[in-house]
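**Q** no sequence for this one, just the structure:
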């Protein structure tokens, strides 16, 4: 792997986020494509700085809670108080999971949420993940804000996961994806039914900078498809769009959209 020491160290930290049980040094060295000795030096520095811990029994390396603490500290001082009440109101009204994804370059990352389901089935995936663009409502909403060529190029850069990981109604080709993006443009929002996973459904709309008009985030509602049939998805669309407009107006007051 080419790159500076800081690029290698950050790539190492990113690798460790994928397995809470930790990873052996050799696996990390192989993934980064650098010598085991260099990997050991980086891990030793990260352990010394408190970002990584080594399990004394398995010798595996895993992340400490320091990065998590830094993230929460940033969110606490970044204007999340402006955003959270809007998410909470939409979650309460819909009775489902509401998520906010922010745009950073080629990535859309889920960074805030509110859970409206108080009982029964709850759809509540981890935060901090990048939204898969090819088969999620959040991905389709963002892609629909671009030209077809730009959307396909972005999907190619992110990569398409193993189709075995998709739900039964995920797009099966780029042409099918473009058809769904065209529908999202006409409706003003995107929706999927058992596309990301069996038994789930979602709808999403983009958030735009109030002055520049560029897309800065995506707001979504997701939950079990048993509670979110197509009729219910479309019933929730006006509330989703209203909340997205409210977030657009409030975005200059929040560093989350900086």
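**A** Here it is on my side, so go on. Note that this is a predicted model, so its numbers are computed, not measured. Numbers count the residues shown, from 1 in each chain.
**Q** how many residues are close by the residue lying closest to residue 96 once chain neighbours are set aside?
**A** With CB to CB, 6 or more residues apart in numbering as the criterion, residue 96 has its nearest non-adjacent residue at 3.6 Å, and that residue is residue 223. The C-beta positions use only the backbone N, C-alpha and C, and glycine is treated the same way. Per other CB atoms under 10 Å, the neighbour tally for residue 223 reads 27.
**Q** how about residue 105?
**A** Count around residue 105 with other CB under 10 Å applied: 5.
**Q** the strands in this structure, which residues?
**A** 52-54, 61-63, 97-104, 107-115, 190-193, 200-208, 215-224 (DSSP state E).
**Q** check what pLDDT residue 165 gets.
**A** Looking at residue 165, its pLDDT reads 77.
**Q** now do residue 3
**A** 68.
**Q** isn't residue 249 right up against residue 208?
**A** No - applying CB atoms under 8 Å as the test, residue 249 and residue 208 come out as separate, 10.0 Å apart.
**Q** who's more crowded, these two?
**A** Set residue 249 next to residue 208 and count neighbours by other CB under 10 Å: residue 208 wins out with 19 against 13.
**Q** show me what the more buried one is bridged to.
**A** residue 215 (DSSP bridges).
**Q** going forward, the N-terminal residue is numbered 59.
**A** Renumbered: residue one is now 59, and that last one reads residue 266.
**Q** what residues are up against residue 119?
**A** 74, 80-83, 86, 101, 105, 110-113 (CB atoms under 8 Å, 6 or more residues apart in numbering).
**Q** hmm, who's touching stretch 151-161?
**A** 141, 145, 148-149, 166-176, 180-182, 185, 189, 196, 200, 265, 273-281, 285-286, 294, 297, 301, 305, 314-315.
**Q** for that stretch, the averaged confidence score.
**A** The model assigns stretch 151-161 a mean pLDDT of 94.
**Q** same check on stretch 276-284?
**A** Here the average pLDDT along stretch 276-284 is 96.
**Q** can you list the buried residues in it?
**A** Residues of stretch 276-284 classed as buried by neighbour count (16 or more other CB atoms under 10 Å): 276-283.
**Q** one more: stretch 268-276?
**A** For stretch 268-276, the neighbour count (16+ other CB under 10 Å) marks 273-276 as buried.
**Q** and these, which two are furthest apart?
**A** Largest separation among the buried residues of stretch 268-276 by CB to CB: 274 and 276, giving 9.1 Å.
**Q** what do those two both touch?
**A** Residues touching both residue 274 and residue 276 by CB under 8 Å, 6+ apart: 161, 265.
**Q** would you mind giving the domain segments of this structure?
**A** According to automatic domain parsing, the chain comprises the domains 63-122, 135-315.
**Q** circling back: need the buried residues of stretch 268-276 in CSV (columns: distance to residue 159).
**A** Output for those, formatted as CSV (distance: CB to CB, whole Å):
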residue, distance to residue 159
273, 10
274, 10
275, 6
276, 4
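**Q** which one among those residues gets closest to residue 228?
**A** residue 276 (18.0 Å).
**Q** please report how far the closest one lies from residue 123.
**A** 28 Å (CB to CB, to the nearest Å).
**Q** can you pull the contacts of the nearest residue to residue 246 once chain neighbours are set aside?
**A** Nearest residue to residue 246, sequence neighbours excluded (CB to CB, 6+ apart): residue 299, at 6.4 Å. Residues counted as contacts of residue 299 (CB under 8 Å, 6+ apart) are 246-247, 263.
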